[in-house]
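Asker: okay, structure incoming, though there's no sequence with it:
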């Protein structure tokens, strides 16, 4: 699990309400940029903000200003499709040529807002001013006369002025009197650090596949394609289903055959189990054994629920160890899994019938008999527990 760092700095309007945030690359917790590769830094900010921490957790519904290197602006590198919330900052050292002008025009037409960063006016910027919505002036380096000249020139364009590096009350009042629309700088607030976790690439791929398998709208053909994309998963599934453990009278020749013979819910259940086993490679064996036992025990107990979907109880038991497998909270993990509301609530708060069963299974594991005394049918739980132990033990010899 990689630790990721990101900083944000508020941008204020004339009434000192937060208008937006600038998102800033950070290599470590020291709150310093230390940028070596601009493209890598921009990519890291985008991934951290949108995927790892979540843009909504950093800026809420406000705009997010992000520095963009040339590759992103001319279409060589992909941008996130969040036109309504991301403002693309054009860096002051960008070469202004036809490629950049066309690229910014295309992005503006698509719906992105554009800001010109650390702006020093010359006529060569006129084509960029036509497609930009914001100009950021570094007021710490411009003389009073130059600042007035810039404001005068830029007011002839339909553009909002943002004073950055405002570091005193006097400078704020000066910029406000000149007619600036927005303000940013240490006088208001230093950048605030965000620290999050990033799932390693191969584990993210596995979790994404688990996520796709859990989509209840996936049909047989789509499920076959999903499993077929992972030859290792397909191999282990077929090996398991043709083993003595499953004891079928005919040999299953393909994933499509398994889906037709056993049904999508059954194959989905076992595919998820195989992927969970892959996530557990670096964890104690007992952790995965616990998940397998909970899954089987929940499945057995869930048979008494007339409204149960066949594989949901199994999934609740199996996924109850995801936080320990991934070294993340269940809340963070479940944001990436399209589980039903009932399954999510069962895992997060032990609510609903599935949640109650999961909670009671945990009590049973811990031998908390005082809590369970008036809650459960002890004979049913004892029977399910013994069956789950045998099942998990037998399965362990097949799926090593």
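Answerer: Sure, I can see it. Being a predicted model, the structure only gives us computed values, none of them experimental. Numbering: from 1, shown residues only.
Asker: what about residue 368, how many neighbours?
Answerer: Residue 368: 12 surrounding residues under other Cβ atoms under 10 Å. C-beta: built from backbone N, CA, C; applies to glycine.
Asker: again with residue 344
Answerer: By other Cβ under 10 Å, the residues close to residue 344 number 21.
Asker: helix or strand for the residue lying closest to residue 250 once chain neighbours are set aside, which one?
Answerer: Nearest-residue entry for residue 250: residue 261, 7.8 Å, with adjacent residues in sequence omitted and distances by Cβ to Cβ, 6 or more residues apart in numbering. Element membership for residue 261 (DSSP states H and E) is helix 255-262.
Asker: quick one, whichever helix or strand comes after that helix and helix 255-262 angle?
Answerer: Note on helix 255-262: by DSSP H and E, the next helix or strand toward the C-terminus is helix 264-279. With axes from the mean of the first three to the mean of the last three Cα atoms, to 10 degrees defining the directions, helix 264-279 sits at 130 degrees from helix 255-262.
Asker: now for whatever helix or strand comes next after helix 264-279, which elements pack on it?
Answerer: Counting by DSSP H and E, the next helix or strand C-terminal to helix 264-279 is helix 285-302. The contact analysis (3 or more Cβ pairs under 8 Å, 6 or more residues apart in numbering; DSSP states H and E) places helix 285-302 against helix 264-279, helix 312-319, helix 322-326, helix 352-366, helix 378-396.
Asker: tell me which of those helices is the most buried.
Answerer: Most buried of the helices and strands packed on helix 285-302, by mean neighbour count (mean count of other Cβ atoms under 10 Å): helix 312-319, with a mean of 27.
Asker: packing partners of that one?
Answerer: helix 264-279, helix 285-302, helix 341-349, helix 352-366.
Asker: quick one: classify residue 167 as helix, strand or coil.
Answerer: coil (DSSP: H, G, I helix; E, B strand; the rest coil).
Asker: which residue ranges make up each domain of the protein?
Answerer: Domain assignment for the chain by automatic domain parsing gives 2-198, 201-396.
Asker: and those domains as JSON lines, adding mean pLDDT?
Answerer: What follows is those, written out as JSON lines (pLDDT from 0 to 100):
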{"stretch": "domain 2-198", "mean pLDDT": "80"}
{"stretch": "domain 201-396", "mean pLDDT": "80"}
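Asker: quick one: buried residues of stretch 97-109?
Answerer: Across stretch 97-109, burial judged by 16 or more other Cβ atoms under 10 Å covers 100, 103-104, 107-108.
Asker: now tabulate these in TSV and tack on secondary structure and distance to residue 13.
Answerer: Listed next are the buried residues of stretch 97-109 as TSV, based on DSSP: H, G, I helix; E, B strand; the rest coil; distance: Cβ to Cβ, whole Å:
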residue	secondary structure	distance to residue 13
100	helix	29
103	helix	29
104	helix	25
107	helix	24
108	helix	23
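Asker: closest to residue 348 out of the residues you listed?
Answerer: Lowest distance from residue 348 to the buried residues of stretch 97-109 (Cβ to Cβ) belongs to residue 107, with 38.9 Å.
Asker: could you check how far the closest one is from residue 227?
Answerer: 38 Å (Cβ to Cβ, to the nearest Å).
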